[in-house]
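Participant: Take a look and give me a structure for this.
(2 chains)
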Amino acid sequence: MPNYKMSLLCCGGTGCRASESVRIVERLREEIAAAGMDNDVQVVVTGCFGFCEQGPIVKVIPDNTFYTNVKPEDAEEIVKEHVVKGRKVTRLLYEDPDTQKHISDSKHMGFYQKQLRIALRNCGFINPENIDEYIARDGYEALAKVLQGTPQEAIETVKKSGLRGRGGGGFPTGLKWEIASKSPGKEKYVVCNADEGDPGAFMDRSILESDPNSVIEAMAICGYCIGASKGLVYIRAEYPLAVKRLQIAMKQARDYGLLGDDILGSGFNFDIEIRYGAGAFVCGEETALIHSMEGKRGEPTVKPPFPAVSGYLGKPTNVNNVETFANIPVIFLKGPEWFASIGTEKSKGTKVFALAGKINNVGLIEVPMGTTLREVIYDIGGGIKGGKEFKAVQTGGPSGGCLTKKHLDTPIDYDNLTAAGSMMGSGGMIVMDEDDCMVSVAKFYLQFTVDESCGKCAPCRIGNKRLEEILDKITKGKGTMEDLDYLKNLSKVIKDTALCGLGQTSPNPVLSTIDNFYDEYVAHIVDKRCPAHKCRALRVYAIDPDRCKGCTACARACPAGAIKGEVKQAHVIDTEKCIRCGACLEKCKFNAVTVQ
Amino acid sequence: MDKIELNKCQKDKIAEICAEFHNSPGELINVLHKTQGHFGYLPEEVQREIARNLHIPVAKVYGVVTFYSFFTMQPKGRHSISVCMGTACYVRGAEGVLEEIKKELKIDVGGVTPDGKFSLECLRCVGACGLAPVMLVDEKVYGRLEPKQIKGILAQYE
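Facilitator: Model prediction:
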């Protein structure tokens, strides 16, 4: 293997690939070859760096130069200037939005400064398709360590670390393993839940794309602890790149004797199979997931029996999510005390969030539990896009709720988020600004739940449909104040009576928006007005007579013939005839059309 | 829906896929993935054939096909357009993009253009939220979309 003096790391995550990062890699390699430096400089395709907003990203090692928004045509300059002459290409460096200074090393960027990467430790550092790079960063050392002790000792370590399930529920992982290990039965299963369905959350996919070996190692550790020799990864078929990288990693692990029979000469056998999901949100629920793996409709069943007692094929099964597994090897390497020293009293370690929506720095971040929303949104996220005003952040996806300005200084952990009427969920964090209508957002989530309800239990199947209908009525200006009470009551009934986690949490977006944005509901119902101008049926278009030049562009564009007026004279919109399509607003060159 | 007749070659292909998964009912979802990959969709006749090979009632196959959004009983267009309706794309204007495509192609979500060129679907989160709003045409991801770009993008496809 050549001893490279310099490495160019190029992001091969989904977002950057969509911006031609594959082509950038090709071009960099061509330029390096043309400069005759292929024995000294290598180009490595890594997983996600997290800073998706600034992608594609190319990082130069050893000087840690962090190039952003790279295009294939920039390859020549990077190689000729930086690689050959050692001069940084300043125009591709990140520009600090406050000081307008170029920052070369990612360590000094606001986006990275407050982050602590445990689950994402290898993302963007290693080539996910080469197991040697994982091993070089202490990969599989935790497994070797665990195999030298007893399963009970390893379970104790996980318990001591205080790690809780990162998929949403927050159940203590060590306890879960202990229950599965004590369940009688010779045949047991370890399942990795990679059915990431929460729209706007993509951490599991990024981990699998960037560091698949950490999940494989953790599953083997879990297998040893609970006495299972078989693992299954349940993954969305919509994640082809993650599937491919997982398959490559599994094959390499088998070749190295890290999966299969007699792992590391310990007598412990463990292997992993992949099962594909087929697009059903409810399959993120443990029991539904297990039914889906058995080739059935992914409908949940009542717990108990818990999967730890009777799961896949009726055998004891331990289900953990990708991010939970990704934390495991580090706990063994650095010790449970170290892990437990991070975070808050009841939530230990870090959490990965997919920061998205109306925020400057969209991306994947990992922060210690207990970090405040303000730090996440303003320090890491760089504030709201376009200098607009922060309105709310939605956490927990369709099962969660909205947090508002008053929650900005709340430390983020499982219990605080639940107390604030939301939940941790898998870690989607969608930021909204003054232009977002909260009634519409609640409706959006309810539409999602109605689509994804499996239909097995009546509260979820029928109740959510009714909630959606009432919300639709309100956004069309036909709601009444009684509807608000009805929404609240029905929400409580659904929460209390639905069969599984999906139904029990689906009214959360409604309840939390009513709690936090009551005035906005009232504006829709009583004033027939949408404060964010988002609800089409409630918009009122008008023409400002002082600004209107009488150019007739709007009248010609209006499909309903609702605009009247003579040439060179102010026009008027007939609100009765207006269908609120907004065509006049688009056509007017004089900003004379207003929306209320 | 029009009835179709499967020829022997097609039936053999289905039998081959089922055999690859040991004709095990537990592998039904994998069988369906592979079959849809081959035929492009899962019409009634194909489902019957799978049921026969796996020795399970056709109702069970139909139940699974209709449960999961990934499986379709409609043939797709030559190019399939998927608009991301994840929350990040939604708050950054995915609805406007979708409306524009509907208007341009004169089809609804789930529909196929009469010439069989495009089919239109929505999906939940591609995971490229940094590029929101996003759509896929076949495998290619288009990001930071604005409705006015749609016409130009669609014109690139034959």
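Participant: In which helix or strand does the closest residue to residue A:79 other than its chain neighbours reside?
Facilitator: Nearest residue to residue A:79, sequence neighbours excluded (C-beta to C-beta, 6 or more residues apart in numbering or on different chains): residue A:31, at 3.8 Å. The way it works is simple: take the backbone N, C-alpha and C, and place the C-beta from them, glycine included. In this structure, residue A:31 is located in helix A:21-34 according to DSSP states H and E.
Participant: Could you pull out the buried residues of that helix?
Facilitator: For helix A:21-34, the neighbour count (16 or more other C-beta atoms under 10 Å in any protein chain shown) marks A:21, A:22, A:24, A:25, A:27, A:28, A:29, A:31, A:32 as buried.
Participant: Up against chain B, what does the stretch 251-400 of chain A have?
Facilitator: A:275-281, A:292, A:294-298, A:313, A:354, A:356-358, A:362-363, A:394, A:397 (C-beta under 8 Å from any C-beta of the partner chain).
Participant: For PyMOL, what selects the buried ones among those residues?
Facilitator: The PyMOL selection below is limited to those of those classed as buried (16+ other C-beta under 10 Å):
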select buried, chain A and resi 275+276+277+278+279+280+281+292+294+295+296+297+298+354+356+357+358+362+363+394+397
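Participant: Tell me where the model's unsure across chain B.
Facilitator: Where chain B drops to pLDDT under 70, the residues are B:1-2.
Participant: Spell out the residue ranges of the strands in it.
Facilitator: Along chain B, counting by DSSP state E, strands occupy B:79-84, B:118-123, B:135-137, B:140-142.
Participant: Comparing these, which stretch has the densest surroundings?
Facilitator: Burial of these is given as mean neighbour count (mean count of other C-beta atoms under 10 Å in any protein chain shown); strand B:79-84 ranks first at a mean of 22.
Participant: could you say what helices and strands it packs with?
Facilitator: helix B:94-105, strand B:118-123, strand B:135-137 (3 or more C-beta pairs under 8 Å, 6 or more residues apart in numbering or on different chains; DSSP states H and E).
Participant: In which helix or strand does residue A:214 reside?
Facilitator: Judged by DSSP H and E, residue A:214 forms part of helix A:212-226.
Participant: helix or strand right after that helix?
Facilitator: Using DSSP H and E, the helix or strand that follows helix A:212-226 towards the C-terminus is strand A:230-236.
Participant: Okay, angle between that following strand and helix A:212-226 too, please.
Facilitator: Between the axes of strand A:230-236 and helix A:212-226, defined by axes from the mean of the first three to the mean of the last three C-alpha atoms, to 10 degrees, the angle is 140 degrees.
Participant: Alpha carbons only: can I get strand A:230-236 in CSV?
Facilitator: Below are the C-alpha coordinates for strand A:230-236, written out as CSV (Å, rounded to 0.1, in the frame of the first residue of the first chain):
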residue,chain,number,x,y,z
LYS,A,230,-28.4,-14.2,14.0
GLY,A,231,-28.9,-10.5,13.2
LEU,A,232,-31.3,-8.8,10.8
VAL,A,233,-31.1,-5.3,9.5
TYR,A,234,-34.5,-4.0,8.4
ILE,A,235,-33.8,-1.2,6.0
ARG,A,236,-35.8,0.9,3.6
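Participant: Report the buried residues of the following helix or strand past it.
Facilitator: Using DSSP H and E, the helix or strand that directly follows strand A:230-236 along the chain is helix A:240-255. Within helix A:240-255, the residues that count as buried by 16+ other C-beta under 10 Å are A:241, A:242, A:243, A:245, A:246, A:248, A:249, A:250, A:252, A:253.
Participant: Quick one: the helices in chain B, in order.
Facilitator: Secondary structure of chain B by DSSP state H: the helices cover B:8-20, B:28-39, B:44-54, B:58-67, B:87-91, B:94-105, B:150-155.
Participant: So what's the residue count around residue A:261?
Facilitator: 12 (other C-beta atoms under 10 Å in any protein chain shown).
Participant: who's in contact with it?
Facilitator: Residues near residue A:261 by C-beta atoms under 8 Å, 6 or more residues apart in numbering or on different chains: residue A:269.
Participant: now it: how far from residue A:189?
Facilitator: The gap separating residue A:261 from residue A:189 is 17 Å, by C-beta to C-beta, to the nearest Å.
Participant: Only alpha carbons, please: show the helix holding residue A:214 as CSV.
Facilitator: Provided in CSV are the C-alpha atoms of helix A:212-226 (Å, rounded to 0.1, in the frame of the first residue of the first chain):
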residue,chain,number,x,y,z
PRO,A,212,-21.7,0.7,8.4
ASN,A,213,-19.1,-1.3,10.3
SER,A,214,-19.9,0.4,13.6
VAL,A,215,-23.5,-0.9,13.3
ILE,A,216,-22.3,-4.4,12.4
GLU,A,217,-19.8,-4.5,15.3
ALA,A,218,-22.5,-3.3,17.8
MET,A,219,-25.0,-5.9,16.5
ALA,A,220,-22.4,-8.6,17.1
ILE,A,221,-21.8,-7.3,20.6
CYS,A,222,-25.5,-7.3,21.3
GLY,A,223,-25.8,-10.9,19.9
TYR,A,224,-23.1,-12.0,22.3
CYS,A,225,-24.9,-10.3,25.2
ILE,A,226,-28.3,-11.8,24.6
